[in-house]
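[1] 3D model of this:
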Amino acid sequence: GLLDGEYCSQKTGTKPVQVQIVGRIDLMGEDVHGLRIGQRVGVPWLANTCGRCPYCRAGHENLCDQPTFTGYSVDGGYAEACLANARFIVPLDDTSDAASLAPLLCAGLIGYRALKMVADARSIGIYGFGAAAHIIAQIAVAQQRHVFAVTRPGDKATQKYALELGATWAGDSDQLLPEELDAALIFAPDGSLVPRALRAVRKGGCVVCAGIHMSQIPALDYEDLWGERILRSVANMTRTDAAEFMLRIHDMPVLTRTTIYALSDANLALDDLRAGRLTGAAVLVP
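    Presented below is the predicted three-dimensional model:
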């Protein structure tokens, strides 16, 4: 379908930009069913999969051998309209603010998949409290879990924000946590956090690396991993994740924190992201 672009969200580092788009359907192909003209939908990071590889056939399309990604391998949202595969777009609430929905399509979905990896863990450390973390922290708090927010040393503003969202504790990454964790989610692209998180979780606990890219992980002492601790990564998302996530947050008071830019200021947004000059997710408004 051809989408009339409303808003797109972006995040970047030293790697490719990811763009998630919120828009309305202007035109649909003949074989598109279950959608309607004018409907608000989202275009997530995962744009298409092959449907034929062993991963797709086993229901793990996030691990597809020949995927395409929005804003990376196919055109993204830096335009007034875009083409999207109807099988991968996500129906969205028509009453919510469009700019607040855009971060849910990547930060929210990746965070949700990471949260699923730790099952029913009650105390969760969140390392790097940015776009994904501030969404997932709200979900975890609503589920009556205890959130421990770990930030860059001295980042008092972010720690204060985490506490406002209901975190049990917030502090620096070089501090000892006040109690042992059941699990940890690492959203910051800093490999040195991996051994720290492993040392923070109890025996049998799980540490999930939720970023697409991460700096080199230092050598681990086996003692940090011993005790049946689990270290794993999250790769992309599935359409099932998207459907579950949107249903899960429908009645939850989840608020996204955004910084708004005009579409013409996309390069400024990228510069601010790289320099760490903004809070939450950057959202472009056409």
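[2] Phi first, then psi, for the residue nearest in space to the middle of the chain.
    When C-alpha atoms, centre = their mean is applied to the chain, the residue found nearest the centroid is residue 107 (2.1 Å). Dihedral angles of residue 107 (phi, psi; degrees, to the nearest 10) stand at phi -60, psi -50.
[3] got a list of what it touches?
    Shown in contact with residue 107 (C-beta atoms under 8 Å, 6 or more residues apart in numbering): 9, 11, 130-132, 135, 281. No exception for glycine: its C-beta is placed from N, CA and C like everyone else's.
[4] quick check, residue 148 in a strand?
    Yes: looking at residue 148 with DSSP: H, G, I helix; E, B strand; the rest coil, it is inside a strand.
[5] Would you mind measuring from the residue nearest to the centre of the chain to residue 258?
    10 Å (C-beta to C-beta, to the nearest Å).
[6] Give the intersection of the neighbour lists for those two.
    Common neighbours of residue 107 and residue 258, using C-beta under 8 Å, 6+ apart, are 9, 281.
[7] Which stretches in this structure count as helices?
    Using DSSP state H, the helices of the chain run over residues 54-57, 98-101, 107-117, 131-142, 156-164, 193-200, 222-225, 239-248, 266-275.
[8] Figure out which of those is closest to residue 23.
    Proximity to residue 23 (C-beta to C-beta) singles out helix 98-101 among the helices of the chain, at 8.3 Å.
[9] Tell me the one of the contacts of residue 107 nearest residue 40?
    residue 9 (14.8 Å).
[10] contacting residues around the nearest residue to that closest one once chain neighbours are set aside?
    Nearest residue to residue 9, sequence neighbours excluded (C-beta to C-beta, 6 or more residues apart in numbering): residue 102, at 3.5 Å. Counting by C-beta under 8 Å, 6+ apart, residue 102 touches 7-9, 20-22, 42, 256, 258, 281, 283.
[11] again, but for residue 162
    Residues in contact with residue 162, defined by C-beta under 8 Å, 6+ apart, are 126, 129, 134, 137, 147, 149, 151, 170.
[12] again, 10 Å this time
    Contacts for residue 162 (C-beta atoms under 10 Å, 6 or more residues apart in numbering) come out as 126, 129, 133-134, 137, 147-151, 155, 168-171.
[13] how close does residue 69 get to residue 40?
    For residue 69 relative to residue 40 (C-beta to C-beta), the value is 22 Å.
[14] typed the wrong thing, it's residue 232
    To residue 40, residue 232 is 34 Å away according to C-beta to C-beta.
[15] The two: which is more packed in?
    residue 40 (20 against 12; other C-beta atoms under 10 Å).
[16] follow-up on the earlier one: filter the contacts of residue 102 down to just the ones in strands.
    Among those, the members falling in strands are 7-9, 20-22, 42, 258, 281, 283 (criterion: DSSP state E).
[17] follow-up on the earlier one: can you list the helices of the chain in CSV and add distance to residue 186 and mean pLDDT?
    CSV is the format used below for those (distance: least, C-beta to C-beta, whole Å; pLDDT from 0 to 100):
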stretch, distance to residue 186, mean pLDDT
helix 54-57, 24, 98
helix 98-101, 25, 88
helix 107-117, 9, 95
helix 131-142, 10, 94
helix 156-164, 15, 94
helix 193-200, 5, 98
helix 222-225, 14, 96
helix 239-248, 19, 93
helix 266-275, 19, 85
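[18] what would these look like in JSON lines with distance to residue 74?
    As requested, the helices of the chain are exported to JSON lines (distance: least, C-beta to C-beta, whole Å):
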{"stretch": "helix 54-57", "distance to residue 74": "18"}
{"stretch": "helix 98-101", "distance to residue 74": "21"}
{"stretch": "helix 107-117", "distance to residue 74": "18"}
{"stretch": "helix 131-142", "distance to residue 74": "22"}
{"stretch": "helix 156-164", "distance to residue 74": "33"}
{"stretch": "helix 193-200", "distance to residue 74": "32"}
{"stretch": "helix 222-225", "distance to residue 74": "38"}
{"stretch": "helix 239-248", "distance to residue 74": "16"}
{"stretch": "helix 266-275", "distance to residue 74": "17"}
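[19] between these, which gets nearest to residue 212?
    The minimum distance between residue 212 and these falls on helix 107-117, with 8.3 Å, by C-beta to C-beta.
[20] tell me the angle the closest one makes with helix 131-142.
    Here helix 107-117 runs at an angle of 50 degrees relative to helix 131-142 (axes from the mean of the first three to the mean of the last three C-alpha atoms, to 10 degrees).
[21] Sounds good, over and out.
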